[in-house]
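Engineer: Provided below for reference: sequence and predicted model.
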Amino acid sequence: MFDVSYRMIFATEDFRRTVSGLTGLGPFPLGAFYFGTDAYNVMDLWPIFRASDHESQNREVFRLVFGIVLSIFGGDRDALRAACDPQLSDLIDELPDKPPEPALSYQQSSAAAWGIDMSNWLTHLPIKDDEGQVIGYVRITTPAAGMSLVGTVASVGDVRHLARSQDVVTADRRPAAILFADLEASSKLSRTLSTAEYFSLARRLVRVADQSVVDAGGVVGRHLGDGVTAFFLVETFGGESEAARCCVEAARTLRAAMPAVATRCGLDPADLVLRFGLHWGSTLYVGLIKSIARSEVTAMGDEVNEAARIEACATGGRTLASKSLVERLSRQDARALGIEGVSYNLLGDLESATDKARRDAPMISVCEV
């Protein structure tokens, strides 16, 4: 929002989060004339503008609202020039006189953010008092996508998970509990079921898996075929024990949901078996990967590969957890999960150990939870 002199007086927190690249609240030049040097110096700090040609955008917006700002200065171009940043001086001389628009809506030039070109609709409206006098202005920014599309995306996604995803928009070291799960005998199921039936099964499995993870406070990672990955970040829970406990609880919730999924798909519950690998990642590099086609949380690090090896060894529908995860549980959390006083086996010594597990992670200690 702007006052009658087009000084910046208010911005929503959502706007400030957007211009900061979703890494907190971006600075706001409160009280500064929108086209002045003081305002531009602050806006140049916004990450979303550092990735784009901000000067070209400034000039584009100035051209569009020139009638408004010129009227604010009573048509005095010299006074307007004195208030504006020097990058606009040539435009003040070149642009023709025009009356202020009663309302103005336009699509802003694409601005690169997260390596993606974006464009938005901006609408300028005057704010009037009871006598019809202009007392300020409001600028409303909306995405280029229509509200039917935005509504569909937002209504399908769980708000809790969307918020957690935004918290990791900047990739960084983030310790977390790791959950890997995969469907056993999926190749046989894909051959015995029709393609449409197998698609329905995969869709139901993904929905139940994601709900189990989100309800337990985790973030969903990439879906690899029939596989599920999830991360339970210490920064979300505030402590290692709670993150580890919720990882175990999510696995148990998902396992308990499988008979109902099997019934809905016309299968015997014995035909639908998940194996789980749970591990701890002390040095995970976790962040949000955004592209023009998707947005997903991913994590990289040796512990991710180790979790995959643990999961592959958990045949027979078992849940194998690493010692590094289990021993992050407090005594109270371990007791609540019923996994006190466990003993461990080396992953490479298990009868179910795969060749990759023996090659890549034979010395990881695991137990069944």
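Structural biologist: Looks like it arrived, so ask away. Numbering: from 1, shown residues only.
Engineer: Where do the helices of the stretch 151-300 of the chain begin and end?
Structural biologist: 159-167, 186-192, 195-215, 234-237, 240-264 (DSSP state H, counting those that start in this stretch).
Engineer: Any buried residues in the longest one, and which?
Structural biologist: Buried residues in helix 240-264, counting neighbours by 16 or more other C-beta atoms under 10 Å, are found at 240-255, 257-258, 261-262. The way it works is simple: take the backbone N, C-alpha and C, and place the C-beta from them, glycine included.
Engineer: give me every residue that touches residue 101.
Structural biologist: Taking C-beta atoms under 8 Å, 6 or more residues apart in numbering, we find residue 101 in contact with 67-68, 124.
Engineer: which of those residues are buried?
Structural biologist: Buried among these by 16+ other C-beta under 10 Å: 67-68, 124.
Engineer: okay if I get the residues you listed as a markdown table plus distance to residue 135, secondary structure and pLDDT?
Structural biologist: Shown next, in a markdown table, are the buried ones among the contacts of residue 101 (distance: C-beta to C-beta, whole Å; DSSP: H, G, I helix; E, B strand; the rest coil; pLDDT from 0 to 100):
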| residue | distance to residue 135 | secondary structure | pLDDT |
| --- | --- | --- | --- |
| 67 | 18 | helix | 91 |
| 68 | 14 | helix | 90 |
| 124 | 15 | strand | 90 |
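Engineer: I'd like to know which of these is nearest to residue 270.
Structural biologist: residue 124 (63.8 Å; C-beta to C-beta).
Engineer: Just list the residues touching the closest one, thanks.
Structural biologist: With contact taken as C-beta under 8 Å, 6+ apart, residue 124 is in contact with 65, 68, 101, 103-105, 137-139.
Engineer: most neighbours, which of the residues you listed?
Structural biologist: residue 137 (23 neighbours; other C-beta atoms under 10 Å).
Engineer: That one bridge partners, please.
Structural biologist: residue 2, residue 126 (DSSP bridges).
Engineer: Who are the contact partners of it?
Structural biologist: Going by C-beta under 8 Å, 6+ apart, residue 137 touches 1-2, 4, 6, 68, 124-127.
Engineer: can you pull the pLDDT of it?
Structural biologist: pLDDT, residue 137: 94.
Engineer: for residue 289, same thing?
Structural biologist: Residue 289 carries a pLDDT value of 84.
Engineer: can you pull the contacts of it?
Structural biologist: By C-beta under 8 Å, 6+ apart, the contact list for residue 289 reads 295-298.
Engineer: Put the buried members of the residues you listed into a ChimeraX selection.
Structural biologist: A single ChimeraX command is used to select the members of these judged buried by 16+ other C-beta under 10 Å:
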select :295,297,298
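Engineer: Redo the contacts of residue 289 as a markdown table? Include distance to residue 75 and pLDDT.
Structural biologist: A markdown table is the format used below for those (distance: C-beta to C-beta, whole Å; pLDDT from 0 to 100):
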| residue | distance to residue 75 | pLDDT |
| --- | --- | --- |
| 295 | 47 | 79 |
| 296 | 53 | 86 |
| 297 | 53 | 90 |
| 298 | 56 | 90 |
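Engineer: Columns distance to residue 320 and mean pLDDT on top of the helices of the stretch 151-300 of the chain, output as CSV?
Structural biologist: CSV is the format used below for the helices of the stretch 151-300 of the chain (distance: least, C-beta to C-beta, whole Å; pLDDT from 0 to 100):
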stretch, distance to residue 320, mean pLDDT
helix 159-167, 26, 82
helix 186-192, 19, 86
helix 195-215, 18, 93
helix 234-237, 22, 94
helix 240-264, 10, 96
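Engineer: Thank you kindly, that will do.
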